[in-house]
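Trainee: 3D, please:
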Amino acid sequence: TLIWSATATTLFSLVLYFRGEQNTRLARNAFRVTAGLLAASLGLLLFLILTHRFEFVYVRNYSSTDLPLYYLIATLWGGQEGTLLLWIVYVSLLGLLLMKMAGRFERWSMATVSLFILSVLVILLKRSPFEATPTGPVEGAGLNPLLQDFWMTIHPPIMFLGFALSIFPFAIAVSGWVRREYRTWTPLAWVWLLAAWCTLGTALVMGGYWAYKVLGWGGYWAWDPVENSSLIPWIFATGGVHALIMLKKKNALARSAFLFSILPFIAVLYGSFLTRSGILGDFSVHSFLDLGINSLLVAVLSVFTVIGFGVLIWRSRHVRGTIAYSSMKTVDFLVSMGVLSLLVAGALVLIGMSTPLWTRLFGPASNVSLDYYFLATTPIALILLFGLSLFPFMRWIKASKPVLSPEASISFAVALFATGGAFIAGMTEVLYLVLIFLASFATASNFWLLVDHFIRKKKIAGAYLAHVGLAILIIGAAVSSAYETKTQVGLPLGQPVHKMGWTLTYQGKDTNAPGGKTPYHILVERPGSSTAYVCSPRQFQLPYDGGVMRKPAVKKFWNKDLYISPLDEVGGSGHQGVQATLARDQAQAVGGFNLTFLGFDIDDHGEGGEIEQVDCTIEVMGDMYVDTLVPAFKLTQQGVSGQPVQFADGRFTLGVDRIDATTGAVQVTLVDHDNPQAEVPVFWIELAEKPLINLFWLGTTLMVLGGVLSVWKRFKRWRDEAAIESAIPGPEQHYAQAAAVSEAPENDPVRSGQGVSSNR
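Mentor: Below is the predicted model of the structure:
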């Protein structure tokens, strides 16, 4: 009933806004009712979850009685229907704020917002979060263990807040151009676009840290299609922030400013379609299942794409502006090139993300490799860093300072020092060295601008802080990638193992841990120092698909992270024998023999459920024995099994327990049947050192903080400008002004906003 009622009031509000500004009061009241109904719907769904009403399908599918309160609350956005409802609740509540801020842009901007809410409500009428069954089970399926983490409680709500904010620059830009005001909408849209940029950036950082700390694969960004669906709107929003600056200050890039105001929201809709259609089910760990709403998702995407680009094409010929830059030696040129670079970057990432969609038209769906994203984005990163490095020079020249001012000289020296240090430390790839030089120069020079602004105005410039953060972020990403060292290590129970300058001792596992999330305790020591601690990486089996979830143990030091990710525990199940790890073509003494691993062959069978067999060739040499044996390692639908072989005398058996695809080594077990020994459990881990990874997280934090400061600054400036315009209150005056503008000639300055100094 709440969803149906909200649909009716939203439709009523949309029609009233569409009919004209004389209906503004009724339209506002209808929209307020919509916001209340949607908030009540979300509250009701939360109540059903907290009271374990499993007769409702959504509650049954995503919650259970054994979940703590914070995870129960998180199930509110654990499924498709819940996230869609949360999304439009955000939009409706923010719409109440837009009504107070929009002024003469209210009619068409609020009509656009109402249309989007109505579109999502139609989807929720088909896939309702309140769908019930006659009889409910006594227990629910529970929240996916992959999502049972602290970040689940805050990351999705912030991400969907960013998605919600993205529609408002779209709506304001459309409203401005429909009214034939091609510039005066800029300050209002700027506030909302900055807020969307800042929120999306915060969510991206949280998501990266979540992956880094929890998922165990060792990184913070995998170019997963669903990750990219959140990144692309942020890239476009970044370009939009700078394009709006050019439009407001120079009356230039008017079409680009409009384009970048609508692109983030269209990218959000497109990413939502890919995520929720099930198309990415085989390519992304984040993708939702197909719930039969693909046609509705395509319809929503199509409607708003047509609206945005339709208005752009319809009004574009009437746009008048100035030249963006008069010389390449200006800040305006750098900003213009940055905007263009961001457009290209977003488009290239979008093409890569969309590969599973268009490749299925010609055969089996496929995805691009990681190399595509590196090749596509690295040149753009270099261009942006080059622009950030030159930006302070242009500011200094404008302030009548010499190019070789003390600030510039010190910045250049810092860049040379950082690059030379990286080279001495072993970084020899030219690309990485160029990245380090440009990023270091951009960091130092923009830092000078930040300090100068603070000294002169006693305020922190959010834009300069964001520039510094971006440069530091790139340094951290480049160094941690270039210098990362990692290896796979087998840790026999109770036996110290020395690797990469660390001493690791596996102390055993806790099989009684709650939820089956088994911790494996490892004593980590640094020989010659006081560093010693016990870490506990975890792994457990997922009830959904039988897969294994691995949670790493990360120890932070000032200059690096020590990253220990669990792989597997083998042995310790009553078998007999002596275990050893054989590197390729290196003889090793094992149980009185010298064993040399010569290589392996992979055979495809396809019969009897066997998927693959790996034959390992091992040379065995003893005092009176020389032979070449080929034990097998089989992967079947039932699991992994070794196929040991006996020596010629029948006394010894040699089997392969594990193959390390990264290093090419094999773990073997040699059994002496006349003198058996109990097998010792071996816990396999991936050990990695990530130098200066903290710079990456510092850079992301500074960049987001700079965005927050910019949002507050722009909001205060808009508020001051709005106070000046208080002489034009109420919808009636706005309607009268709109009528006057509509009767003006096409080339009248009122239509472009150039002749109305009081307009914001």
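
Trainee: could you pull out the helices for the stretch 301-450 of the chain?
Mentor: 331-353, 355-359, 370-398, 406-424, 430-457 (DSSP state H, counting those that start in this stretch).

Trainee: So what's the gap between the longest one and the chain middle?
Mentor: Taking C-alpha atoms, centre = their mean, to the nearest Å, one finds the center of helix 370-398 at 21 Å from the center of the full chain.

Trainee: Now it: buried residues?
Mentor: Neighbour counts over helix 370-398 (16 or more other C-beta atoms under 10 Å) mark 372-373, 376-377, 380-396 as buried. Placement of C-beta: from N, CA and C, glycine included.

Trainee: Neighbours of T65, how many?
Mentor: Neighbour count of T65, defined by other C-beta atoms under 10 Å: 11.

Trainee: which SSE is it in?
Mentor: Under the criterion DSSP states H and E, no helix or strand holds T65.

Trainee: Now do the contacts for it.
Mentor: The contact partners of T65, taken as C-beta atoms under 8 Å, 6 or more residues apart in numbering, are 52, 139-140.

Trainee: Also N23?
Mentor: 16-17.

Trainee: separation between it and T112?
Mentor: Here N23 is placed at a distance of 16 Å from T112 (C-beta to C-beta, to the nearest Å).

Trainee: Just give me the neighbour total for R360.
Mentor: 12.

Trainee: what number of residues lie near the residue found closest to W185 once you drop the neighbours it is linked to in the chain?
Mentor: In this structure, W185 finds its nearest non-sequential neighbour in G176, 2.9 Å apart by C-beta to C-beta, 6 or more residues apart in numbering. Close neighbours of G176, defined as other C-beta under 10 Å, add up to 27.

Trainee: before we move on, back to that, now that we have the contacts of T65, which of them are buried?
Mentor: Among the contacts of T65, those scoring as buried are 52, 140 (criterion: 16+ other C-beta under 10 Å).

Trainee: any weak-confidence spans in the stretch 401-550 of the chain?
Mentor: Applying pLDDT under 70 to the stretch 401-550 of the chain picks out residues 401-404, 514-516, 541-548.

Trainee: Give me the lowest-pLDDT entry from the contacts of T65.
Mentor: pLDDT across these is lowest for E139, at 82.

Trainee: Now do the phi/psi pair for that one.
Mentor: Main-chain torsions, E139, degrees, to the nearest 10: phi -150, psi 150.

Trainee: Please name the nearest non-neighbouring residue to it.
Mentor: S64 (5.9 Å).

Trainee: lowest-confidence helix or strand of the chain?
Mentor: helix 730-742 (a mean of 40; mean pLDDT, DSSP states H and E).

Trainee: follow-up on the earlier one: would you state the predicted confidence (pLDDT) at the residue nearest to E139?
Mentor: 89.

Trainee: I figured it hits L143, correct?
Mentor: Yes - when contacts are counted by C-beta atoms under 8 Å, S64 is listed as touching L143 (7.4 Å).

Trainee: Who has more neighbours out of those two?
Mentor: A direct count of neighbours by other C-beta under 10 Å for S64 and L143 places L143 higher, at 20 against 17.

Trainee: Please verify my assumption that that one contacts D66.
Mentor: No - contact between L143 and D66 fails when scored by C-beta under 8 Å: they sit 10.0 Å apart.

Trainee: intersection of neighbour lists for those two?
Mentor: Residues touching both L143 and D66 by C-beta under 8 Å, 6+ apart: none at all.

Trainee: returning to what we had before: residue contacts, the residue nearest to W185?
Mentor: Contacts of G176 (C-beta under 8 Å, 6+ apart): 105, 182-186, 189.

Trainee: So which of these belong to helices?
Mentor: The helices, defined by DSSP state H, take in 186, 189 from the contacts of G176.

Trainee: Apply the buried test to the contacts of G176 and list what passes.
Mentor: Buried members of these, scored by 16+ other C-beta under 10 Å, are 105, 182-186, 189.

Trainee: Would you mind finding the longest helix in the chain?
Mentor: Max-length helix for the chain by DSSP H is helix 693-724.

Trainee: thinking again about what came up before, out of the helices of the stretch 301-450 of the chain, which is closest to D585?
Mentor: helix 370-398 (29.5 Å; C-beta to C-beta).

Trainee: and that closest one, what does it pack onto?
Mentor: helix 331-353, helix 406-424, helix 430-457, helix 462-483 (3 or more C-beta pairs under 8 Å, 6 or more residues apart in numbering; DSSP states H and E).

Trainee: now with 10 Å?
Mentor: Judged by 3 or more C-beta pairs under 10 Å, 6 or more residues apart in numbering; DSSP states H and E, the packing partners of helix 370-398 are helix 225-250, helix 331-353, helix 406-424, helix 430-457, helix 462-483.

Trainee: and of the ones you listed, who's closest to Y212?
Mentor: Smallest distance to Y212 across the helices and strands packed on helix 370-398 (C-beta to C-beta): 10.7 Å, for helix 462-483.

Trainee: tell me the angle of the closest one relative to helix 430-457?
Mentor: Comparing the axes of helix 462-483 and helix 430-457 via axes from the mean of the first three to the mean of the last three C-alpha atoms, to 10 degrees yields an angle of 160 degrees.

Trainee: Need the CA coordinates for helix 462-483. PDB is fine.
Mentor: Written as PDB, here are the backbone C-alpha positions of helix 462-483 (Å, rounded to 0.1, in the frame of the first residue of the first chain):
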ATOM      1  CA  GLY A 462      39.900  22.500  -0.800                       C
ATOM      2  CA  ALA A 463      40.800  22.400  -4.500                       C
ATOM      3  CA  TYR A 464      44.600  22.600  -3.800                       C
ATOM      4  CA  LEU A 465      44.300  20.100  -1.000                       C
ATOM      5  CA  ALA A 466      42.500  17.700  -3.400                       C
ATOM      6  CA  HIS A 467      45.200  18.200  -6.000                       C
ATOM      7  CA  VAL A 468      47.900  17.400  -3.400                       C
ATOM      8  CA  GLY A 469      45.900  14.300  -2.400                       C
ATOM      9  CA  LEU A 470      45.600  13.000  -6.000                       C
ATOM     10  CA  ALA A 471      49.400  13.400  -6.500                       C
ATOM     11  CA  ILE A 472      50.200  11.600  -3.300                       C
ATOM     12  CA  LEU A 473      47.700   8.900  -4.200                       C
ATOM     13  CA  ILE A 474      49.500   8.200  -7.500                       C
ATOM     14  CA  ILE A 475      52.900   8.100  -5.700                       C
ATOM     15  CA  GLY A 476      51.600   5.500  -3.300                       C
ATOM     16  CA  ALA A 477      50.000   3.400  -6.000                       C
ATOM     17  CA  ALA A 478      53.100   3.500  -8.200                       C
ATOM     18  CA  VAL A 479      55.600   2.700  -5.500                       C
ATOM     19  CA  SER A 480      53.500  -0.100  -3.800                       C
ATOM     20  CA  SER A 481      53.000  -1.700  -7.200                       C
ATOM     21  CA  ALA A 482      56.600  -1.400  -8.500                       C
ATOM     22  CA  TYR A 483      58.200  -2.500  -5.200                       C
END
